[in-house]
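Visitor: here are the coordinates; sequence isn't available:
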Ligand SMILES: Nc1ncnc2c1ncn2[C@@H]1O[C@H](COP(=O)(O)OP(=O)(O)OP(=O)(O)O)[C@@H](O)[C@H]1O
């Protein structure tokens, strides 16, 4: 770990993702600098930070969609810089992603959307892909009829569920969720949180969730990581956040809204 990141809660589990000394920029000032982060197998990690701090850049870099200037990324036990083409394919198949707006293909039905990763990576008969896709659709709590609908015919909550079904198409070990509850009403958001927790428990998923949603952090996240000053300022439990001496972290976790969600007093203690 570089000196800048504080890990207040020691976690003896196995990291499924380990980032060290990561620096990313786009020609101007760097967006991320000397960033360290660990995500442990089986956990739900909530990733927070102010707007524009680089949460999406980090996620995209870990997904190899952005270049990096420095640093190492080890994912599912493989160092990015030392992987063969075959390793990369293997890694990609074990990672699922839910982008912020769902990013479904508008010209494809839900069933066809869920089958996109299957077509890309597997060579299966159509009837088997149909069965598998219907299973995933059921798994995320959509009714069977939703399979034949187009994205424009779905509500916001159904789009998120369909996108999650697609992210789960290849039975991944690790899923990245970019603000999964944004745009959902509080009931829809709470149901989605429950779904994430259930999938983690039943499928043994590891979940990396970028979120602004205090309810989600409280309800389902085992640990939280905070991005600020171009790096992960602190990783740990909610209690660790409440104790961490940084103005942004303090106002985020001890502000009026947080106090209502986390049931803490102004001093951060549980009421
Ligand atoms: N491809 C790119 N080229 C140039 N600058 C970029 C690129 N992608 C992101 N940035 C810049 O990186 C910074 C971080 O952006 P990013 O989208 O990661 O923030 P964020 O933390 O996800 O914000 P939000 O919570 O608002 O979504 C921003 O200043 C953005 O303009």
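Guide: Done, it's in. Quick caveat, the model's predicted, so the values are computed rather than measured.
Visitor: where does the stretch 101-250 of the chain dip in pLDDT?
Guide: Along the stretch 101-250 of the chain, segments meeting pLDDT under 70 span 102.
Visitor: if we go to 80?
Guide: Scanning the stretch 101-250 of the chain for pLDDT under 80 picks out the ranges 101-102.
Visitor: what ranges does it have for its strands?
Guide: If DSSP state E, counting those that start in this stretch is used as the criterion, the strands of the stretch 101-250 of the chain fall at 174-178, 206-210, 223-228, 231-236.
Visitor: show me the one of these that comes nearest residue 98.
Guide: Between residue 98 and those, the shortest gap by Cβ to Cβ is with strand 174-178, which sits at 4.7 Å. Quick note: C-beta positions are derived from backbone N, CA and C, even for glycine.
Visitor: okay, the angle between the closest one and strand 206-210?
Guide: 10 degrees (axes from the mean of the first three to the mean of the last three Cα atoms, to 10 degrees).
Visitor: helices or strands up against strand 174-178?
Guide: Other helices and strands packing on strand 174-178, by 3 or more Cβ pairs under 8 Å, 6 or more residues apart in numbering; DSSP states H and E, are helix 55-62, strand 95-98, helix 156-167, strand 206-210.
Visitor: which residues of this protein lie near the ligand?
Guide: 26, 31, 49, 51-57 (Cβ under 6 Å from any ligand atom).
Visitor: please pick the buried ones from those residues.
Guide: 31, 49, 53-57 (16 or more other Cβ atoms under 10 Å).
Visitor: count of neighbours near the residue lying closest to residue 199 once chain neighbours are set aside?
Guide: Computed as Cβ to Cβ, 6 or more residues apart in numbering, the closest residue to residue 199 that is not its neighbour in sequence is residue 205, at 5.5 Å. For residue 205, the neighbour count with other Cβ atoms under 10 Å is 21.
Visitor: also residue 43?
Guide: Per other Cβ under 10 Å, the neighbour tally for residue 43 reads 19.
Visitor: just the one 4 residues further on next, same as before
Guide: Counted by other Cβ under 10 Å, the residues lying close to residue 47 total 26.
Visitor: what pLDDT is listed against it?
Guide: Residue 47 carries a pLDDT value of 94.
Visitor: residues contacting it?
Guide: For residue 47, the contacting residues are 55, 58-59, 208-211, 224-225, 227, by Cβ atoms under 8 Å, 6 or more residues apart in numbering.
Visitor: likewise for residue 207?
Guide: Residue 207 neighbours (Cβ under 8 Å, 6+ apart): 43-45, 174-175, 177, 196, 200.
Visitor: now with 6 Å?
Guide: Going by Cβ atoms under 6 Å, 6 or more residues apart in numbering, residue 207 touches 44, 175, 200.
Visitor: no more questions from me, cheers.
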